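> Can you look at this prediction? I've put the sequence above it.
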Amino acid sequence: MEKVSVGLLGFGTVGTGVVRLLTKNKERLQERAGCEINLEKVLVRNKNRARKVLIDNRTLTTDVYEILDNPEINVIIELIGGVDLAYRYILRALKNKKNVITANKDLMASYGEELLLEARANHCDLYYEASVAGGIPILRTLTDSLAADQIQKMIGIVNGTTNYILSKMSGEGLSYEKALASAQRLGFAEADPTSDVEGLDAARKMVILSHLAYSIPVRLDDVKIKGITDVTREDIIFAKKLGYTIKLVGISEVNNGDIDVRVEPTLLTDGHPLATVENENNAIYVYSAALGETMYYGAGAGEGPTAVSVVSDLISVVRNISLGITGNHIFLPKKELHARKDNLVESKFFVRMHIKDEPGSFSKLTDLFREQSISLSKLYQEPIQGRDIAEVAMVTHVTNKVLFEKSFEILNQLDVVVNAKYFRVERG
Ligand SMILES: NC(=O)C1=CN([C@@H]2O[C@H](COP(=O)(O)OP(=O)(O)OC[C@H]3O[C@@H](n4cnc5c(N)ncnc54)[C@H](OP(=O)(O)O)[C@@H]3O)[C@@H](O)[C@H]2O)C=CC1
Ligand SMILES: N[C@@H](CC=O)C(=O)O
Ligand code: NA
(Lines give C-alpha, C1' and ligand atoms only; values in the text may rest on other atoms or scores of the structure.)
(Ligands and ions follow the chains in the order given, each with its own letter.)
Protein backbone atom coordinates (compact mmCIF):
# COMPACT_ATOMS: atom_id res chain seq x y z
CA MET A 1 0.00 0.00 0.00
CA GLU A 2 1.45 3.37 -0.98
CA LYS A 3 -0.93 5.82 0.58
CA VAL A 4 -3.76 6.10 3.11
CA SER A 5 -6.24 8.94 2.70
CA VAL A 6 -7.82 10.58 5.70
CA GLY A 7 -10.98 12.66 6.06
CA LEU A 8 -11.09 14.92 9.13
CA LEU A 9 -14.43 16.02 10.59
CA GLY A 10 -13.90 19.16 12.72
CA PHE A 11 -11.11 21.71 12.75
CA GLY A 12 -11.32 23.12 16.29
CA THR A 13 -8.87 22.64 19.17
CA VAL A 14 -8.09 18.96 18.57
CA GLY A 15 -8.56 19.10 14.78
CA THR A 16 -5.97 21.87 14.61
CA GLY A 17 -3.55 19.75 16.65
CA VAL A 18 -4.08 16.80 14.30
CA VAL A 19 -3.41 18.90 11.18
CA ARG A 20 -0.30 20.33 12.85
CA LEU A 21 1.08 16.85 13.64
CA LEU A 22 0.24 15.45 10.20
CA THR A 23 2.12 18.35 8.59
CA LYS A 24 5.03 18.77 10.98
CA ASN A 25 5.79 15.06 11.51
CA LYS A 26 4.90 13.86 8.00
CA GLU A 27 8.11 11.91 7.43
CA ARG A 28 8.16 10.37 10.89
CA LEU A 29 4.54 9.28 10.54
CA GLN A 30 5.23 7.74 7.14
CA GLU A 31 8.14 5.82 8.61
CA ARG A 32 6.08 4.60 11.60
CA ALA A 33 2.96 3.79 9.60
CA GLY A 34 4.79 2.23 6.68
CA CYS A 35 3.08 4.38 4.05
CA GLU A 36 2.21 7.96 3.21
CA ILE A 37 -0.69 9.52 5.13
CA ASN A 38 -2.58 12.04 3.07
CA LEU A 39 -5.08 14.48 4.55
CA GLU A 40 -7.67 14.51 1.79
CA LYS A 41 -10.52 16.62 3.19
CA VAL A 42 -11.44 18.58 6.31
CA LEU A 43 -15.05 19.28 7.30
CA VAL A 44 -15.69 22.78 8.70
CA ARG A 45 -18.77 24.92 9.19
CA ASN A 46 -17.23 28.01 7.65
CA LYS A 47 -14.49 27.77 5.01
CA ASN A 48 -13.54 31.44 5.31
CA ARG A 49 -12.83 31.48 9.00
CA ALA A 50 -9.21 32.23 10.00
CA ARG A 51 -7.41 29.05 11.07
CA LYS A 52 -4.52 28.65 13.51
CA VAL A 53 -2.61 26.36 11.17
CA LEU A 54 -1.79 26.71 7.49
CA ILE A 55 -3.96 24.52 5.24
CA ASP A 56 -4.71 24.43 1.51
CA ASN A 57 -8.17 26.02 1.26
CA ARG A 58 -9.20 23.39 -1.33
CA THR A 59 -8.91 20.74 1.39
CA LEU A 60 -11.75 22.36 3.35
CA THR A 61 -15.36 21.40 2.73
CA THR A 62 -18.72 22.09 4.31
CA ASP A 63 -20.27 18.99 2.72
CA VAL A 64 -19.77 15.99 5.00
CA TYR A 65 -20.77 13.53 2.22
CA GLU A 66 -17.74 14.62 0.21
CA ILE A 67 -15.86 12.81 2.96
CA LEU A 68 -18.17 10.04 4.16
CA ASP A 69 -19.04 8.81 0.66
CA ASN A 70 -15.64 9.44 -0.91
CA PRO A 71 -14.27 6.10 -2.16
CA GLU A 72 -10.69 7.46 -1.99
CA ILE A 73 -10.86 7.98 1.78
CA ASN A 74 -9.92 5.02 4.01
CA VAL A 75 -9.99 6.62 7.47
CA ILE A 76 -12.34 9.14 9.09
CA ILE A 77 -11.26 11.14 12.14
CA GLU A 78 -14.31 12.52 13.98
CA LEU A 79 -13.58 15.64 16.03
CA ILE A 80 -16.79 17.64 15.83
CA GLY A 81 -18.02 16.47 19.25
CA GLY A 82 -21.65 16.10 20.38
CA VAL A 83 -23.72 12.95 19.99
CA ASP A 84 -26.41 13.01 17.28
CA LEU A 85 -24.50 14.15 14.21
CA ALA A 86 -21.31 12.41 15.23
CA TYR A 87 -23.28 9.16 15.68
CA ARG A 88 -24.87 9.45 12.23
CA TYR A 89 -21.59 10.33 10.53
CA ILE A 90 -19.61 7.53 12.17
CA LEU A 91 -22.31 4.97 11.46
CA ARG A 92 -22.36 5.98 7.80
CA ALA A 93 -18.58 5.91 7.60
CA LEU A 94 -18.50 2.39 9.05
CA LYS A 95 -21.24 1.17 6.71
CA ASN A 96 -19.12 2.61 3.89
CA LYS A 97 -16.26 0.41 5.19
CA LYS A 98 -14.16 3.29 6.47
CA ASN A 99 -12.05 2.99 9.59
CA VAL A 100 -12.87 5.52 12.26
CA ILE A 101 -10.94 7.36 14.96
CA THR A 102 -12.74 9.58 17.46
CA ALA A 103 -12.04 11.61 20.60
CA ASN A 104 -15.74 11.70 21.43
CA LYS A 105 -16.42 10.30 24.91
CA ASP A 106 -20.03 11.57 24.90
CA LEU A 107 -20.67 9.27 21.97
CA MET A 108 -18.53 6.30 23.03
CA ALA A 109 -20.00 6.22 26.56
CA SER A 110 -23.55 5.99 25.20
CA TYR A 111 -23.26 4.27 21.81
CA GLY A 112 -19.81 2.69 22.02
CA GLU A 113 -21.02 -0.90 22.08
CA GLU A 114 -23.34 -0.45 19.10
CA LEU A 115 -20.68 1.34 17.04
CA LEU A 116 -18.01 -1.20 17.91
CA LEU A 117 -20.34 -4.01 16.79
CA GLU A 118 -20.98 -2.15 13.54
CA ALA A 119 -17.24 -1.67 13.05
CA ARG A 120 -16.58 -5.35 13.58
CA ALA A 121 -19.37 -6.35 11.20
CA ASN A 122 -17.77 -4.16 8.52
CA HIS A 123 -14.20 -5.32 9.26
CA CYS A 124 -13.27 -1.77 10.22
CA ASP A 125 -11.28 -0.33 13.09
CA LEU A 126 -12.84 2.05 15.60
CA TYR A 127 -10.17 3.59 17.86
CA TYR A 128 -10.88 6.16 20.59
CA GLU A 129 -7.79 6.61 22.76
CA ALA A 130 -8.21 10.41 22.92
CA SER A 131 -11.68 10.07 24.42
CA VAL A 132 -10.28 9.31 27.89
CA ALA A 133 -7.55 11.36 29.55
CA GLY A 134 -6.49 13.15 26.34
CA GLY A 135 -2.85 12.35 25.67
CA ILE A 136 -2.39 9.56 28.24
CA PRO A 137 -2.28 6.16 26.53
CA ILE A 138 -4.70 4.59 28.99
CA LEU A 139 -7.10 2.62 26.76
CA ARG A 140 -4.31 0.67 25.10
CA THR A 141 -2.73 0.16 28.54
CA LEU A 142 -5.94 -1.48 29.79
CA THR A 143 -6.52 -3.61 26.70
CA ASP A 144 -2.90 -4.53 25.94
CA SER A 145 -0.34 -3.85 28.67
CA LEU A 146 -2.56 -5.03 31.54
CA ALA A 147 -4.36 -7.72 29.54
CA ALA A 148 -2.80 -10.48 31.64
CA ASP A 149 -3.83 -9.01 34.97
CA GLN A 150 -7.09 -8.65 36.85
CA ILE A 151 -8.01 -5.02 37.49
CA GLN A 152 -9.84 -4.44 40.79
CA LYS A 153 -10.13 -0.69 41.10
CA MET A 154 -9.37 2.54 39.26
CA ILE A 155 -9.29 6.05 40.65
CA GLY A 156 -9.11 8.66 37.92
CA ILE A 157 -8.65 12.37 37.65
CA VAL A 158 -10.08 12.29 34.16
CA ASN A 159 -11.39 15.80 33.59
CA GLY A 160 -8.78 18.44 32.85
CA THR A 161 -11.11 21.41 33.19
CA THR A 162 -12.25 20.67 36.75
CA ASN A 163 -8.76 19.70 37.86
CA TYR A 164 -7.52 22.98 36.42
CA ILE A 165 -10.27 24.93 38.23
CA LEU A 166 -9.64 23.25 41.61
CA SER A 167 -5.86 23.71 41.23
CA LYS A 168 -6.24 27.41 40.46
CA MET A 169 -8.75 27.96 43.30
CA SER A 170 -6.42 26.16 45.68
CA GLY A 171 -2.98 27.38 44.56
CA GLU A 172 -3.61 30.89 43.28
CA GLY A 173 -6.81 31.74 45.14
CA LEU A 174 -8.65 32.30 41.83
CA SER A 175 -12.44 32.41 41.93
CA TYR A 176 -14.37 29.51 40.40
CA GLU A 177 -15.67 31.75 37.59
CA LYS A 178 -12.22 33.11 36.65
CA ALA A 179 -10.64 29.66 36.70
CA LEU A 180 -13.41 28.27 34.47
CA ALA A 181 -13.05 31.16 32.00
CA SER A 182 -9.32 30.50 31.82
CA ALA A 183 -9.89 26.75 31.16
CA GLN A 184 -12.28 27.72 28.35
CA ARG A 185 -9.75 30.11 26.80
CA LEU A 186 -7.09 27.41 26.87
CA GLY A 187 -9.36 24.97 24.99
CA PHE A 188 -9.72 22.35 27.76
CA ALA A 189 -13.43 22.81 28.41
CA GLU A 190 -16.22 21.27 26.36
CA ALA A 191 -18.24 23.58 24.06
CA ASP A 192 -20.81 23.60 26.89
CA PRO A 193 -18.71 23.32 30.08
CA THR A 194 -21.72 22.12 32.11
CA SER A 195 -20.70 18.54 31.39
CA ASP A 196 -17.21 19.26 32.77
CA VAL A 197 -18.20 21.03 35.99
CA GLU A 198 -21.17 18.79 36.77
CA GLY A 199 -19.08 15.63 36.48
CA LEU A 200 -20.77 14.15 33.41
CA ASP A 201 -17.64 14.27 31.25
CA ALA A 202 -15.66 12.40 33.92
CA ALA A 203 -18.53 9.90 34.31
CA ARG A 204 -18.49 9.17 30.57
CA LYS A 205 -14.78 8.48 30.77
CA MET A 206 -15.25 6.17 33.77
CA VAL A 207 -17.87 4.24 31.77
CA ILE A 208 -15.36 3.72 28.95
CA LEU A 209 -12.56 2.75 31.35
CA SER A 210 -14.83 0.31 33.21
CA HIS A 211 -15.83 -1.47 29.97
CA LEU A 212 -12.23 -2.03 29.07
CA ALA A 213 -10.92 -2.85 32.54
CA TYR A 214 -13.59 -5.32 33.66
CA SER A 215 -15.44 -6.23 30.47
CA ILE A 216 -18.64 -5.07 32.21
CA PRO A 217 -21.19 -3.00 30.24
CA VAL A 218 -21.58 -0.07 32.65
CA ARG A 219 -24.08 2.56 31.48
CA LEU A 220 -23.99 6.25 32.29
CA ASP A 221 -27.14 5.79 34.41
CA ASP A 222 -25.24 3.36 36.63
CA VAL A 223 -22.73 6.06 37.64
CA LYS A 224 -23.44 8.24 40.68
CA ILE A 225 -22.37 11.72 39.65
CA LYS A 226 -21.65 14.91 41.58
CA GLY A 227 -19.67 17.81 40.11
CA ILE A 228 -17.60 20.62 41.57
CA THR A 229 -20.11 23.49 41.46
CA ASP A 230 -20.63 23.29 45.25
CA VAL A 231 -16.92 23.19 46.12
CA THR A 232 -15.83 26.49 47.65
CA ARG A 233 -12.44 27.94 48.40
CA GLU A 234 -13.23 27.50 52.12
CA ASP A 235 -13.81 23.76 51.59
CA ILE A 236 -10.39 23.56 49.96
CA ILE A 237 -8.74 25.55 52.78
CA PHE A 238 -10.25 23.54 55.63
CA ALA A 239 -9.57 20.23 53.92
CA LYS A 240 -5.94 21.40 53.63
CA LYS A 241 -5.80 22.16 57.37
CA LEU A 242 -6.59 18.48 58.01
CA GLY A 243 -3.98 17.32 55.47
CA TYR A 244 -6.17 16.72 52.40
CA THR A 245 -6.54 17.97 48.81
CA ILE A 246 -9.95 18.08 47.10
CA LYS A 247 -10.07 16.58 43.58
CA LEU A 248 -12.89 15.57 41.28
CA VAL A 249 -12.25 11.86 40.95
CA GLY A 250 -13.95 8.96 39.28
CA ILE A 251 -13.83 5.70 41.21
CA SER A 252 -14.65 2.39 39.63
CA GLU A 253 -14.37 -0.70 41.78
CA VAL A 254 -15.29 -4.35 41.47
CA ASN A 255 -15.78 -6.39 44.61
CA ASN A 256 -17.18 -9.94 44.76
CA GLY A 257 -18.56 -9.43 41.25
CA ASP A 258 -20.40 -6.20 42.17
CA ILE A 259 -19.37 -2.94 40.56
CA ASP A 260 -19.56 0.58 41.96
CA VAL A 261 -18.78 3.56 39.74
CA ARG A 262 -18.98 7.12 41.01
CA VAL A 263 -17.69 10.60 40.24
CA GLU A 264 -17.55 13.15 43.03
CA PRO A 265 -15.32 15.75 44.69
CA THR A 266 -13.18 13.66 47.00
CA LEU A 267 -10.54 14.37 49.64
CA LEU A 268 -7.20 12.70 49.03
CA THR A 269 -4.45 12.74 51.68
CA ASP A 270 -1.77 15.23 50.63
CA GLY A 271 0.67 12.31 50.29
CA HIS A 272 -1.50 10.46 47.75
CA PRO A 273 0.12 10.48 44.26
CA LEU A 274 -3.17 11.75 42.79
CA ALA A 275 -3.13 14.77 45.13
CA THR A 276 -0.09 16.11 43.27
CA VAL A 277 -1.82 16.06 39.86
CA GLU A 278 -2.27 19.73 39.00
CA ASN A 279 -3.96 21.89 36.36
CA GLU A 280 -5.26 20.18 33.21
CA ASN A 281 -3.21 17.06 33.92
CA ASN A 282 -5.03 13.78 34.40
CA ALA A 283 -4.01 10.53 36.09
CA ILE A 284 -5.49 7.10 36.47
CA TYR A 285 -4.44 5.08 39.51
CA VAL A 286 -4.99 1.39 38.85
CA TYR A 287 -5.10 -1.45 41.37
CA SER A 288 -4.59 -4.85 39.79
CA ALA A 289 -4.12 -8.27 41.35
CA ALA A 290 -0.64 -9.24 40.15
CA LEU A 291 1.00 -5.95 39.21
CA GLY A 292 -0.26 -4.02 42.24
CA GLU A 293 -0.66 -0.26 42.07
CA THR A 294 0.30 1.73 38.96
CA MET A 295 -0.41 5.30 37.92
CA TYR A 296 -0.71 6.72 34.41
CA TYR A 297 -0.17 10.47 34.33
CA GLY A 298 -0.02 13.28 31.79
CA ALA A 299 -1.88 16.01 29.96
CA GLY A 300 -5.57 15.16 29.89
CA ALA A 301 -6.76 17.92 27.58
CA GLY A 302 -5.55 20.50 25.09
CA GLU A 303 -4.61 20.65 21.44
CA GLY A 304 -1.21 18.93 21.28
CA PRO A 305 -1.65 16.13 23.85
CA THR A 306 -5.07 15.08 22.56
CA ALA A 307 -3.87 15.17 18.95
CA VAL A 308 -1.01 12.80 19.83
CA SER A 309 -3.54 10.14 20.88
CA VAL A 310 -5.61 10.69 17.73
CA VAL A 311 -2.63 10.48 15.37
CA SER A 312 -1.14 7.49 17.20
CA ASP A 313 -4.50 5.73 16.72
CA LEU A 314 -4.20 6.64 13.06
CA ILE A 315 -0.82 4.93 12.83
CA SER A 316 -2.31 1.78 14.40
CA VAL A 317 -5.17 1.85 11.90
CA VAL A 318 -2.81 2.32 8.95
CA ARG A 319 -0.73 -0.64 10.10
CA ASN A 320 -3.88 -2.75 10.44
CA ILE A 321 -4.96 -1.75 6.92
CA SER A 322 -1.56 -2.85 5.57
CA LEU A 323 -1.86 -6.18 7.37
CA GLY A 324 -5.50 -6.65 6.33
CA ILE A 325 -6.61 -7.06 9.96
CA THR A 326 -8.87 -4.06 10.53
CA GLY A 327 -11.82 -4.85 12.83
CA ASN A 328 -10.03 -7.81 14.43
CA HIS A 329 -9.16 -6.02 17.68
CA ILE A 330 -12.59 -4.75 18.63
CA PHE A 331 -13.07 -5.23 22.38
CA LEU A 332 -16.65 -5.61 23.63
CA PRO A 333 -17.93 -6.16 27.21
CA LYS A 334 -18.78 -9.78 27.91
CA LYS A 335 -19.94 -9.97 31.54
CA GLU A 336 -23.20 -8.96 33.18
CA LEU A 337 -23.51 -5.89 35.35
CA HIS A 338 -24.28 -6.27 39.07
CA ALA A 339 -24.34 -2.86 40.73
CA ARG A 340 -23.12 -2.70 44.31
CA LYS A 341 -25.86 -1.66 46.74
CA ASP A 342 -25.25 1.61 48.56
CA ASN A 343 -25.61 -0.10 51.95
CA LEU A 344 -22.47 -2.09 51.12
CA VAL A 345 -20.39 1.01 50.37
CA GLU A 346 -17.97 2.08 53.09
CA SER A 347 -15.89 5.21 53.26
CA LYS A 348 -14.44 7.98 55.38
CA PHE A 349 -16.22 11.34 55.21
CA PHE A 350 -15.16 14.96 55.66
CA VAL A 351 -17.79 17.20 57.26
CA ARG A 352 -17.55 20.98 57.32
CA MET A 353 -19.99 23.21 59.16
CA HIS A 354 -20.55 26.37 61.13
CA ILE A 355 -21.78 25.86 64.69
CA LYS A 356 -23.04 28.32 67.25
CA ASP A 357 -20.05 29.29 69.37
CA GLU A 358 -21.66 28.62 72.77
CA PRO A 359 -21.09 26.15 75.63
CA GLY A 360 -22.22 22.62 74.81
CA SER A 361 -22.38 23.05 71.00
CA PHE A 362 -19.42 20.90 70.26
CA SER A 363 -20.49 18.08 72.55
CA LYS A 364 -23.86 17.92 70.72
CA LEU A 365 -21.93 17.03 67.58
CA THR A 366 -19.71 14.45 69.18
CA ASP A 367 -22.68 12.94 71.05
CA LEU A 368 -24.53 12.50 67.78
CA PHE A 369 -21.67 10.70 66.08
CA ARG A 370 -21.12 8.50 69.17
CA GLU A 371 -24.82 7.56 69.26
CA GLN A 372 -24.63 6.63 65.56
CA SER A 373 -21.45 4.57 66.18
CA ILE A 374 -19.41 6.76 63.83
CA SER A 375 -15.96 7.53 65.18
CA LEU A 376 -13.99 10.61 64.25
CA SER A 377 -10.35 10.55 63.19
CA LYS A 378 -9.60 14.27 62.75
CA LEU A 379 -11.12 17.45 64.12
CA TYR A 380 -10.53 21.14 63.58
CA GLN A 381 -12.32 24.05 65.25
CA GLU A 382 -11.74 27.79 64.83
CA PRO A 383 -13.89 30.67 66.04
CA ILE A 384 -14.91 33.09 63.29
CA GLN A 385 -13.81 36.62 64.29
CA GLY A 386 -16.63 39.01 65.14
CA ARG A 387 -19.39 36.42 64.80
CA ASP A 388 -20.92 34.03 67.33
CA ILE A 389 -20.13 31.02 65.22
CA ALA A 390 -17.19 28.69 64.81
CA GLU A 391 -15.85 26.84 61.83
CA VAL A 392 -15.68 23.07 62.37
CA ALA A 393 -14.12 20.50 60.08
CA MET A 394 -13.91 16.80 60.84
CA VAL A 395 -13.03 13.50 59.21
CA THR A 396 -14.68 10.24 60.23
CA HIS A 397 -13.12 6.80 60.34
CA VAL A 398 -14.36 4.35 57.71
CA THR A 399 -18.10 3.95 58.10
CA ASN A 400 -21.12 2.71 56.23
CA LYS A 401 -22.31 5.24 53.62
CA VAL A 402 -26.02 4.85 54.34
CA LEU A 403 -25.45 5.16 58.08
CA PHE A 404 -23.32 8.26 57.53
CA GLU A 405 -25.91 9.93 55.30
CA LYS A 406 -28.65 9.28 57.88
CA SER A 407 -26.46 10.78 60.62
CA PHE A 408 -25.64 13.78 58.45
CA GLU A 409 -29.36 14.49 58.05
CA ILE A 410 -29.81 14.46 61.83
CA LEU A 411 -26.71 16.67 62.22
CA ASN A 412 -28.14 19.23 59.83
CA GLN A 413 -31.24 19.50 62.03
CA LEU A 414 -29.34 20.20 65.28
CA ASP A 415 -30.12 23.72 66.50
CA VAL A 416 -26.40 24.49 66.97
CA VAL A 417 -25.50 23.63 63.36
CA VAL A 418 -25.76 26.54 60.94
CA ASN A 419 -24.47 25.16 57.68
CA ALA A 420 -23.14 21.67 57.03
CA LYS A 421 -21.81 19.85 53.99
CA TYR A 422 -19.80 16.72 53.42
CA PHE A 423 -17.44 15.07 50.93
CA ARG A 424 -16.12 11.55 50.62
CA VAL A 425 -12.55 10.88 51.72
CA GLU A 426 -10.49 8.30 49.84
CA ARG A 427 -8.71 5.81 52.08
CA GLY A 428 -4.91 5.64 52.06
N1 LIG B 1 -10.36 19.99 23.69
C2 LIG B 1 -9.83 18.98 24.35
O3 LIG B 1 -8.88 19.15 25.14
C4 LIG B 1 -10.35 17.60 24.17
C5 LIG B 1 -11.45 17.34 23.39
N6 LIG B 1 -11.90 16.06 23.22
C7 LIG B 1 -13.03 15.79 22.36
O8 LIG B 1 -12.64 16.05 21.02
C9 LIG B 1 -13.75 16.51 20.27
C10 LIG B 1 -13.44 17.87 19.65
O11 LIG B 1 -13.18 18.78 20.69
P12 LIG B 1 -12.58 20.24 20.40
O13 LIG B 1 -11.61 20.18 19.30
O14 LIG B 1 -12.17 20.76 21.72
O15 LIG B 1 -13.90 20.99 19.94
P16 LIG B 1 -14.03 22.41 19.21
O17 LIG B 1 -15.34 22.97 19.60
O18 LIG B 1 -12.80 23.21 19.44
O19 LIG B 1 -14.04 22.01 17.67
C20 LIG B 1 -15.11 21.38 17.03
C21 LIG B 1 -14.93 21.56 15.55
O22 LIG B 1 -15.95 20.84 14.88
C23 LIG B 1 -16.62 21.72 13.99
N24 LIG B 1 -18.02 21.35 13.93
C25 LIG B 1 -18.88 21.18 14.94
N26 LIG B 1 -20.09 20.83 14.46
C27 LIG B 1 -19.97 20.78 13.14
C28 LIG B 1 -20.86 20.48 12.09
N29 LIG B 1 -22.13 20.20 12.34
N30 LIG B 1 -20.42 20.52 10.83
C31 LIG B 1 -19.15 20.85 10.56
N32 LIG B 1 -18.23 21.13 11.50
C33 LIG B 1 -18.66 21.09 12.78
C34 LIG B 1 -16.44 23.12 14.59
O35 LIG B 1 -16.61 24.05 13.56
P36 LIG B 1 -16.44 25.62 13.82
O37 LIG B 1 -14.96 25.83 13.86
O38 LIG B 1 -17.06 26.21 12.63
O39 LIG B 1 -17.14 25.92 15.10
C40 LIG B 1 -15.03 23.01 15.11
O41 LIG B 1 -14.09 23.23 14.09
C42 LIG B 1 -14.94 16.52 21.24
O43 LIG B 1 -15.61 15.30 21.14
C44 LIG B 1 -14.25 16.65 22.59
O45 LIG B 1 -15.03 16.15 23.64
C46 LIG B 1 -11.27 15.00 23.80
C47 LIG B 1 -10.17 15.18 24.58
C48 LIG B 1 -9.64 16.51 24.85
N1 LIG C 1 -13.31 18.87 28.55
C2 LIG C 1 -12.46 17.74 28.70
C3 LIG C 1 -11.58 17.61 27.50
C4 LIG C 1 -10.94 16.30 27.42
O5 LIG C 1 -11.57 15.26 27.42
C6 LIG C 1 -11.59 17.90 29.93
O7 LIG C 1 -11.56 19.00 30.49
O8 LIG C 1 -10.99 16.92 30.36
NA1 NA D 1 -6.03 8.68 26.25
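Great, that's in hand. Ligands and ions are numbered 1, 2, ... in the order given.
> count of residues packed around residue 71?
9 (other Cβ atoms under 10 Å). (C-beta placed from N, C-alpha, C; glycine too.)
> what do you get for residue 52?
For residue 52, using other Cβ under 10 Å, the count is 13.
> hang on, isn't it packed against residue 15?
No. Using Cβ atoms under 8 Å, residue 52 is not in contact with residue 15; the gap is 10.0 Å.
> and for those two, which residues touch both?
Shared contacts of residue 52 and residue 15 (Cβ atoms under 8 Å, 6 or more residues apart in numbering): none.
> Counting residues, name the longest helix you see in the protein.
In the chain, taking DSSP state H as the definition, the longest helix is helix 303-323.
> Identify the residues contacting that helix?
1, 4, 6, 13-14, 16-18, 20-22, 25, 29, 32-35, 37, 74-75, 77, 79, 99, 101, 103, 125, 127-130, 134-137, 187, 298-299, 326, 328-329.
> How about stretch 10-20?
By Cβ under 8 Å, 6+ apart, stretch 10-20 touches 8, 39, 42-44, 51-53, 55, 60, 77-81, 103, 130, 187, 302-304, 306-308, 310-311.
> isn't residue 294 right next to residue 288, touching?
Yes. If you go by Cβ under 8 Å, residue 294 and residue 288 touch, sitting 7.4 Å apart.
> out of these two, which sits in the more crowded spot?
Using other Cβ under 10 Å as the criterion, residue 294 and residue 288 rank with residue 288 on top: 18 against 14.
> For the closest residue to the more buried one other than its chain neighbours, give me phi and psi.
Once flanking residues are discounted, residue 288 sits nearest to residue 149: 4.2 Å by Cβ to Cβ, 6 or more residues apart in numbering. Phi and psi for residue 149, reported as degrees, to the nearest 10, are phi -100, psi 170.
> which of the contacts of helix 303-323 are close to ligand 1?
13, 14, 79, 103, 130, 134, 187 (Cβ under 6 Å from any ligand atom).
> Keep only those of those residues that are also close to ligand 3.
Near ligand 3, judged by Cβ under 5 Å from the ion, there are no entries from these.
> Which single residue of the stretch 301-428 of the chain ends up nearest ligand 3?
residue 309 (4.7 Å; Cβ to the ion).
> Give me the pLDDT value at that residue.
pLDDT recorded at residue 309 is 98.
> Up against ligand 2, what does this protein have?
Checking the chain against ligand 2 by Cβ under 6 Å from any ligand atom, the hits are 134, 159, 160, 161, 188, 189, 190, 196, 201, 300, 301.
> how about those residues in TSV, adding distance to residue 70, pLDDT and neighbour count?
Compiled in TSV, the residues of the chain next to ligand 2 are given as follows (distance: Cβ to Cβ, whole Å; pLDDT from 0 to 100; neighbours: other Cβ atoms under 10 Å):
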residue	distance to residue 70	pLDDT	neighbour count
134	29	95	29
159	35	97	34
160	34	96	28
161	35	97	27
188	32	93	28
189	32	94	27
190	29	93	19
196	34	98	27
201	32	98	29
300	33	93	30
301	31	91	30
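> For the residue in the stretch 1-150 of the chain that ligand 1 sits nearest to, give me the backbone phi and psi.
Nearest to ligand 1, among the residues of the stretch 1-150 of the chain, is residue 12, at 1.8 Å (Cβ to the nearest ligand atom). Note on residue 12: backbone dihedrals following degrees, to the nearest 10 are phi -100, psi -140.
> quick one: contacts for residue 294?
285, 286, 288.
> for the helix or strand hosting it, which positions count as buried?
Counting by DSSP states H and E, the element that carries residue 294 is strand 292-299. By neighbour count on 16 or more other Cβ atoms under 10 Å, the buried set for strand 292-299 is 296, 297, 298, 299.
> How far does it sit from its chain's centre?
Computed by Cα atoms, centre = their mean, to the nearest Å, the chain-centroid distance of strand 292-299 equals 14 Å.
> can that strand be found next to ligand 3?
No. Strand 292-299 is not in contact with ligand 3 by Cβ under 5 Å from the ion; minimum separation 8.6 Å.
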